[in-house]
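[1] the amino acid sequence is not available; the structure is as follows:
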């Protein structure tokens, strides 16, 4: 392949500039790559109508440095290449089919009177040139720079297109690197940018035999038959593409999700994370569905992580698709009052007046998201952000998208002007997941700030223009507040939905009053004596007491009654292990503290006595045992001992003199088979009065 190094000219971009062009260091590189490459494939779909499909496959495999060096006849510093990669590396092939491929002129001299540049020139040779067709993903033309950030900066492009009555194959390579780096691979250019192709390198190779020899060395299969598409091949992948696992809110090392174990696994979850609405969704509304695979293994809708299956179901409901029996919300048993479907209709935005789109939201128990045994899936925050939301109330998750069906971002902000309207979460430990889908055809009202000419602007076009190069958010144009009004309207709807009080019913307590078994325990924070306040309990200051000490700020009154916090819940068949912490309170230390089991219902928790008084028999939950953790057995000089009873109670006694601050321990609970699978236990902390039975 012949080399062409880009010369330094006035206003010329450099490799160092292009490597920073995305200006997004927050999102992992593999996420950026998946978003950009899939959007490119969707933009090039042959059949762009609903019911069609676009196929994208990701393949990771090993290769040698000599293989790559043998393809580049000139322009590359072979000694430096072998020095940097003595054992070779990993190669990523991103292959799309049922797409038009890298069409258009082979070089700039072939651009016709119509001025059409085509996919080849836009992707391989140009920077900052965008697609102008409606519904396209790109709006800046800078997204392709993410390819060069995956490894050494070298990328091979192979494509097969339909040309007249036949087909043509095209192949070209490009290298973008920091021109100031001492270990750079190009020595003959001052820009750090170069190409390998036919002739002077600025046109791709089109000879089929030459292309197939190169593909054979790269172990890439050529397109055959009537197949058209593109393969983007990135050698020498970086070792740090899979992000590291951070720490949770307690500064403890978070449980490592399984998809952090390899690049292939992470790519799979990234596909689900950003394209769950379109992935294997035959009911996708604005184009062909996405059929994706990783190393040949197909990703189907029913194998996605539960939170992404739920998101696809919410998308389908938001666009008005009739609910089918296989709908995830139906399979998970989400009740009708735990689902929201509403129009989002800010005033004075459109001509004529109407909605900006639809929002669909649902409340899920942990069990409905597969977090209990035997699935033991990670919580939604880990699936989306890679970092657990370990303490209830859990932050709401809201995503939004336009026509390409990519989640622009996932928002878990609890700020008042955010997508969830400042909703802090649900006090009962459920998760809120919501999707906003705009009506792309809506025409903006005649506001002189909307456009400099008289052409009508659709909501889709406006939102596309609100996306920056990384497509990671919607930012209103200067002086306009269209996105802000949509966001605030969504926030008002979700806040009202998430904070409404449960309906009180006169029906006697029974199974149908309880939530699913997955929502087994109360929040780990915000628990009063009945565990329903939803108000976070401030941390106790060192030294106990009422919040004194040398620190600034107001003193906090320590509650007299004990306060229970749930730290961790582990599930097993018909059993659960609960790690808890109990604030002793300021009531006399001689009074024992009690942790009792009760049953949750929509009208409040049902105590053991109430359960029996209603003729419901034995409580379906039983305490198997309890223990105090070693570090809590002696807390500020006070010993605490535990006694459990057959009545579903644990009694804590201060066994010697001295103040008691906080006690940490473990409970084991047995869940009865049968009707108990529909019930939800509640842990209630209280004082044992002197005249009480168990005093």
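    Ah, there it is. Just so it is clear, the structure is predicted and the values come from calculations on it, not from any experiment.
[2] check contacts around the closest residue to residue 177 other than its chain neighbours.
    Leaving aside its chain neighbours, residue 177 sits nearest to residue 153 (4.1 Å; criterion: CB to CB, 6 or more residues apart in numbering). Any C-beta I mention is one placed from the backbone N, CA and C, and that applies to glycine too. Going by CB atoms under 8 Å, 6 or more residues apart in numbering, residue 153 touches 15, 19, 175, 176, 177, 185, 192.
[3] give me the secondary structure label for the nearest residue to residue 443 once chain neighbours are set aside.
    Nearest non-adjacent residue to residue 443, counting by CB to CB, 6+ apart: residue 456, 4.8 Å away. Under DSSP: H, G, I helix; E, B strand; the rest coil, the three-state class of residue 456 is coil.
[4] show residues contacting stretch 62-75.
    Under CB under 8 Å, 6+ apart, the answer for stretch 62-75 is 1-5, 76, 78, 81-82, 85-91, 154, 156, 173, 186, 188, 194, 196, 201, 214, 217-219, 235-236.
[5] so how far is that stretch from its chain's centroid?
    Remark: stretch 62-75 is offset 37 Å from the chain centroid, using CA atoms, centre = their mean, to the nearest Å.
[6] what is the mean pLDDT for the one helix or strand residue 292 maps to?
    According to DSSP states H and E, residue 292 maps onto strand 289-294. The average pLDDT for strand 289-294 rounds to 97.
[7] quick check: next helix or strand after it?
    strand 297-298.
[8] quick one: distance of that next one to the chain centre.
    20 Å.
[9] tell me the strands beside that strand, with direction?
    Sheet pairing for strand 297-298, assigned by DSSP bridges, gives strand 289-294 (antiparallel).
[10] buried stuff in the helix or strand where residue 569 lies?
    Assigned by DSSP H and E, residue 569 belongs to strand 563-572. Going by neighbour count (16 or more other CB atoms under 10 Å), the buried part of strand 563-572 is 563, 564, 565, 566, 567, 569, 571.
[11] distance to residue 69 and pLDDT for these - can I get that in CSV?
    Output for those, formatted as CSV (distance: CB to CB, whole Å; pLDDT from 0 to 100):
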residue, distance to residue 69, pLDDT
563, 67, 85
564, 65, 85
565, 60, 82
566, 58, 80
567, 55, 80
569, 55, 78
571, 54, 73
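[12] closest one of the residues you listed to residue 320?
    residue 571 (36.8 Å; CB to CB).
[13] related to what we said a few turns ago, any idea which of the contacts of residue 153 has the most stuff around it?
    Among these, residue 176 has the most neighbours (other CB atoms under 10 Å), with 30 neighbours.
[14] do I have it right that it meets residue 192?
    Yes. The pair formed by residue 176 and residue 192 meets the contact definition of CB atoms under 8 Å, at 6.5 Å.
[15] overlap in contacts of these two?
    15, 153.
[16] rewinding a little: can you tell me which of the contacts of stretch 62-75 are buried?
    Buried among these by 16+ other CB under 10 Å: 1-5, 76, 81, 85, 88-91, 154, 156, 173, 186, 194, 196, 201, 214, 218, 235-236.
[17] which non-adjacent residue is nearest residue 624?
    In this structure, residue 624 finds its nearest non-sequential neighbour in residue 668, 4.1 Å apart by CB to CB, 6+ apart.
[18] now that neighbour: phi and psi?
    Dihedral angles of residue 668 (phi, psi; degrees, to the nearest 10) stand at phi -120, psi 130.
[19] got the residue ranges for the helices in the chain?
    In the chain, the helices defined using DSSP state H lie at 15-19, 29-43, 65-71, 78-84, 118-120, 208-218, 263-275, 306-318, 328-332, 380-385, 459-466, 482-499, 608-613.
[20] hmm, back to that, need the pLDDT of the residue nearest to residue 443.
    79.
[21] with residue 483 as the reference, measure out to it.
    As judged by CB to CB, to the nearest Å, residue 456 and residue 483 stand 19 Å apart.
[22] go on, residue 614?
    Computed as CB to CB, the residue 614 to residue 483 distance reads 52 Å.
[23] comparing these two, which shows the higher neighbour count?
    residue 483 (19 against 12).
[24] please identify the most buried of the helices of the chain.
    Highest mean neighbour count among these (mean count of other CB atoms under 10 Å): helix 306-318, with a mean of 26.
[25] against which helices or strands is it packed?
    With contacts taken as 3 or more CB pairs under 8 Å, 6 or more residues apart in numbering; DSSP states H and E, helix 306-318 sits against helix 328-332, strand 339-344, strand 357-364, helix 380-385, strand 431-438.
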